[in-house]
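J.: Generate coordinates for the sequence data below:
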Amino acid sequence: MRVLERVDGFQRRHHWVGLPLAVVYKFYDDQGVYLAALIAYYGFLSLFPLLLILVAVLSTFLSGDPALQQRVMDSALSEFPVIGDQLGHNIHSFHGSGVALAAGIVASVYGSLGVAQAAQYALNKIWAVPRHARPDPLRSRLKGLVFLLLLAVGLCASTLLSVVAAQSYLLGVRLRGGSWIAATAGSVCLNAFLLLLSYRLLTQRALPLRRLTAVALGGALAWQALQWVGSYYVSHVLRGATATYGMFGIVLGLLAWLYVGALIFVAAAEAGAVRVMRLWPRSLLTPFTDRVRLSAADRRAYRSYAATEAFKGFQKVSVRFEPPPGPRREEPPDDRP
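T.: Model prediction:
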């Protein structure tokens, strides 16, 4: 116990240990693994409708430039380096009359709103937004549409960066290596900006974006690293495994990719909430036993969890902490016959 007390005191005094530990504890308290799984599941269901919309738009507006159309499509699928090429071969545009095309796009947009709904639920839970303060079903879906529009704008910007990175010459000067570095840095900054906007848009709470900049940048760097790892895995490990695994491997690869991306999204939000809501330092043994003295951050965290479940504005939730239980005392043996 003395060793644990020393470790606990050390992590409370040192920011570089206490803050990451508090993020891990809050991730556990919020069941972040299941939140990420929820986003990945609805992301899987929403991905194909979104790609259908993308292909339909490209077929309509870029019909005169097939090369540019393919470049934009490849840029979108490059976000999924493990299974992007297989998706490209299995996603095709809508066909039929204008009415059928419009109906297909509307149905696909509605089907793709699931991932926005899941992300809203996760962020509102992470930021301890009471249930009565969350948007109603209509307003939440309107926010989801704006979120999808934000993703579309981000895709356009990402495509532009991909085009810049592919250029060998700029104003007559060969800048391939420099352009690649600039495009990569621009992609990281763009992803960080999109993360900040997503958190602000989907959370029913005013967030201090300046204090979340470092968190969003860390999430963007993690996503970029994931892109590189996926590309390396494709070029050095898979290489002809598609024929072996077939559609089963595509589905598993897509789910795994979406789940890791959702983990990055949720973990970055948890880190931002811990910093802004001052939910650190936590007590070292808090998740493991009731026989622990709660820190001030522990009390703030547990109060916020209770307040999150308030369904009505006139419903008041109060939390009282009693002294922690002491060590168990053995009962004396009963000598009565």
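J.: Now stretch 272-288: buried residues?
T.: Buried residues in stretch 272-288, counting neighbours by 16 or more other Cβ atoms under 10 Å, are found at 272-275, 277, 279-286. Just so you know, the C-beta spots here come from the backbone N, C-alpha and C atoms, and that holds for glycine as well.
J.: Can you give me the end-to-end span of it?
T.: Taking Cα to Cα, to the nearest Å, the first and last residues of stretch 272-288 lie 24 Å apart.
J.: quick one: average confidence on that stretch?
T.: Throughout stretch 272-288, pLDDT has a mean value of 94.
J.: Give me the buried positions along stretch 4-18.
T.: Neighbour-count burial for stretch 4-18 [16+ other Cβ under 10 Å]: 8, 11-12, 18.
J.: With stretch 119-132 instead?
T.: For stretch 119-132, by 16+ other Cβ under 10 Å, it's 119-130.
J.: Keeping just the C-alphas, turn it into PDB.
T.: Extracted C-alpha coordinates of stretch 119-132, given in PDB (Å, rounded to 0.1, in the frame of the first residue of the first chain):
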ATOM      1  CA  ALA A 119     -21.000  10.800 -33.200                       C
ATOM      2  CA  GLN A 120     -23.400  13.300 -31.600                       C
ATOM      3  CA  TYR A 121     -24.400  10.700 -29.000                       C
ATOM      4  CA  ALA A 122     -20.700   9.900 -28.200                       C
ATOM      5  CA  LEU A 123     -19.600  13.600 -27.900                       C
ATOM      6  CA  ASN A 124     -22.600  14.700 -25.800                       C
ATOM      7  CA  LYS A 125     -21.900  11.800 -23.400                       C
ATOM      8  CA  ILE A 126     -18.200  12.600 -23.300                       C
ATOM      9  CA  TRP A 127     -18.800  16.300 -22.600                       C
ATOM     10  CA  ALA A 128     -21.500  15.500 -20.000                       C
ATOM     11  CA  VAL A 129     -24.400  17.200 -21.800                       C
ATOM     12  CA  PRO A 130     -27.700  16.400 -19.900                       C
ATOM     13  CA  ARG A 131     -30.200  14.400 -22.000                       C
ATOM     14  CA  HIS A 132     -32.700  17.200 -21.800                       C
END
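J.: Go ahead and confirm residue 324 touches residue 285.
T.: No - the criterion here is Cβ atoms under 8 Å, and residue 324 misses it with residue 285 at 10.3 Å.
J.: list the residues that contact both of the two?
T.: Shared contacts of residue 324 and residue 285 (Cβ atoms under 8 Å, 6 or more residues apart in numbering): 291-292.
J.: circling back: so which of the buried residues of stretch 119-132 would you say is closest to residue 142?
T.: Ranked by distance to residue 142 (Cβ to Cβ), the buried residues of stretch 119-132 are led by residue 120 at 11.2 Å.
J.: Okay, and that closest one sits in which element?
T.: Following DSSP states H and E, one finds residue 120 within helix 98-126.
J.: need the next SSE after that helix, C-terminal direction.
T.: Later in the chain than helix 98-126, the nearest helix or strand by DSSP H and E is helix 137-166.
J.: So which elements touch that following helix?
T.: helix 32-61, helix 66-77, helix 98-126, helix 176-202 (3 or more Cβ pairs under 8 Å, 6 or more residues apart in numbering; DSSP states H and E).
J.: again, only this time at 7 Å
T.: Applying 3 or more Cβ pairs under 7 Å, 6 or more residues apart in numbering; DSSP states H and E, one finds that helix 137-166 makes contact with helix 66-77, helix 98-126, helix 176-202.
J.: Quick one: mean pLDDT for it?
T.: 78.
J.: would you turn the buried residues of stretch 272-288 into TSV with distance to residue 44 and secondary structure?
T.: What follows is the buried residues of stretch 272-288, written out as TSV (distance: Cβ to Cβ, whole Å; DSSP: H, G, I helix; E, B strand; the rest coil):
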residue	distance to residue 44	secondary structure
272	25	helix
273	26	helix
274	29	helix
275	31	helix
277	31	coil
279	31	coil
280	34	coil
281	37	coil
282	34	coil
283	38	coil
284	37	coil
285	38	coil
286	34	coil
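J.: Those residues into CSV, with extra columns for distance to residue 142?
T.: Listed next are those as CSV, based on distance: Cβ to Cβ, whole Å:
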residue, distance to residue 142
272, 24
273, 24
274, 30
275, 29
277, 27
279, 31
280, 35
281, 39
282, 37
283, 41
284, 44
285, 44
286, 39
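J.: Thank you kindly, that will do.
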